[in-house]
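Trainee: have a look at this prediction, sequence included:
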Amino acid sequence: MRGKITKRSVDALALAGGTETVLWDTEVKGFGCRVQRGGSKSYILHYRGDVGRAAALRKLTIGRHGSPWTAETARAEAKRLLGMVEGGADPAADKIARKEAPTIADLAARFLAEHAEAKRKASTALEYRRLLDRMILPALSGRKVMDVTRQDIAKLHHGLRETPYQANRLLAVLSKMFNLGERWGLRPDGSNPCRHIEKFSERKRERMLAPAELARLGDALAAYDGSPYAVAAVKLLVLTGARLGEVLGLKWEWVDFERGEARLPDSKTGAKTLHLPPPALAVLADLPRLDGNPHVIVGAKLGAALVNLEKPWRAIRKAAGLNDVRLHDLRHAFASVAASSGMGLPIIGKILGHSQPATTARYAHLASDPVKAAAAAVAGKIAAAMASGSGDAGKGGAIVLPLRSDA
């Protein structure tokens, strides 16, 4: 059926038989309006992607009749598409490719499989998955990778402004994902939508423990009636400055009592020697070893290590009146005592296993305290000497002798 496609002709179009009837426009070649069983009407375009009848016929649906597609807007779109065909494009193929283009959910799955789980530590991969599942995918899951804009990322990042640390970690994960997306050919090079998005400032939380607080912690540990392995774990954290994962994952085979150290085959910064001073060795010596369990800090599950220290720690810190102290703050406590005792920052960094000097530099203000104390002591003696007299020898002042003259 042929005729000019207008609002009247489209309204009058009815199924003549079979499953569909098409009204082909007399002005724009290949442009038509199709009515199907059930009465739905759509604007379509047929064209050949090459010259000659042997060229493959392409069929493209412009859209269903109704806003925004009317006879006039659909005809204008048909002309635009035919202009693209004249220029060598293939709109139908592009539409299929776009429909099949990967989504953020697809990119996230590949990111986890080929990057996070294959090249990062298990704990890091777990954190990536948490950020994706809880924050990124609920907002962007169905979006095409190629369609995500800087405005989309900025909006997501800004929405987490009340938790700047989380917002910045989310931005870092997304940036890595899109960098890999470019490498995998899913986006043009240099199109990472995370670029030029400014991170939120983060206030480093460094909770130090005063001597009185350490004393209360010792009392609470002594009085705790739970697992002795939980008590030992807390003591090892504060006596060695180790990371939580290093203590909970410690195995007896790595401990060398004679050398006072534990050789960790892996840590956050790779293989590491964990130094065990005499108080830490005493903690280990008092711990019973369980047959068939290689772990130092034993959990409730047979043959396994303790995996969650938070519950016993909450009870211990409550008893000590340290409700705002996190387990990681015990590592800060070790470092702060070391720094305020005059120990050099490079040595502290070596003990803690810092890979970057800047990480240890946070304790620089504490490391200067012994120097300040020494300077104060010297200046105090000088000031006392200067104030002890008026300059009169008869009143306890210094005796001033005139310079001799041989003239």
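Mentor: Everything's here; your move.
Trainee: which SSE is A78 in?
Mentor: helix 71-86 (DSSP states H and E).
Trainee: following that helix, which helix or strand shows up next?
Mentor: helix 91-100.
Trainee: name the residues that touch that following helix?
Mentor: For helix 91-100, contacts defined as CB atoms under 8 Å, 6 or more residues apart in numbering pick out 47, 49, 58-60, 81, 84-85, 144. (C-beta placed from N, C-alpha, C; glycine too.)
Trainee: and the two most separated of these?
Mentor: Y47 and K144 (24.9 Å; CB to CB).
Trainee: out of those two, which sits in the more crowded spot?
Mentor: Y47 (22 against 17; other CB atoms under 10 Å).
Trainee: isn't there a strand covering the more buried one?
Mentor: Yes - counting by DSSP: H, G, I helix; E, B strand; the rest coil, Y47 is found in a strand.
Trainee: grab the nearest non-local neighbour of it.
Mentor: G30 (4.9 Å; CB to CB, 6 or more residues apart in numbering).
Trainee: could you pull out the strands in the protein for me?
Mentor: 20-24, 31-36, 41-48, 57-64, 255-256, 261-264, 272-275 (DSSP state E).
Trainee: just the buried ones from the contacts of helix 91-100?
Mentor: 47, 58, 60, 81, 85, 144 (16 or more other CB atoms under 10 Å).
Trainee: now pLDDT and distance to A14 too, for those residues, in a markdown table please.
Mentor: Putting these into a markdown table (pLDDT from 0 to 100; distance: CB to CB, whole Å) gives the following:
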| residue | pLDDT | distance to A14 |
| --- | --- | --- |
| Y47 | 94 | 26 |
| R58 | 91 | 27 |
| L60 | 93 | 24 |
| L81 | 94 | 27 |
| V85 | 91 | 31 |
| K144 | 95 | 37 |
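Trainee: out of those, who's nearest K235?
Mentor: Taking the buried ones among the contacts of helix 91-100 together and measuring to K235 by CB to CB, the closest member is K144, at 53.2 Å.
Trainee: can you pull the contacts of the closest one?
Mentor: Contacts of K144 (CB under 8 Å, 6+ apart): 98, 101-104.
Trainee: return the distance of stretch 121-132 from the chain's centre.
Mentor: Distance of stretch 121-132 from its chain centroid, counting by CA atoms, centre = their mean, to the nearest Å, is 8 Å.
Trainee: how about it: buried residues?
Mentor: 125, 128-129, 131-132.
Trainee: among those, which ones are in helices?
Mentor: Counting by DSSP state H, the part of the buried residues of stretch 121-132 found in helices is 125, 128-129, 131.
Trainee: which of these lies closest to D266?
Mentor: A125 (14.3 Å).
Trainee: so what's that closest one up against?
Mentor: 112, 116-117.
Trainee: from V145, how far off is it?
Mentor: 21 Å (CB to CB, to the nearest Å).
Trainee: on that earlier part again, mind giving me a markdown table with the contacts of helix 91-100 and columns for distance to P277?
Mentor: Supplementary listing: those in a markdown table, determined by distance: CB to CB, whole Å:
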| residue | distance to P277 |
| --- | --- |
| Y47 | 80 |
| G49 | 77 |
| R58 | 77 |
| K59 | 78 |
| L60 | 75 |
| L81 | 76 |
| M84 | 74 |
| V85 | 78 |
| K144 | 56 |
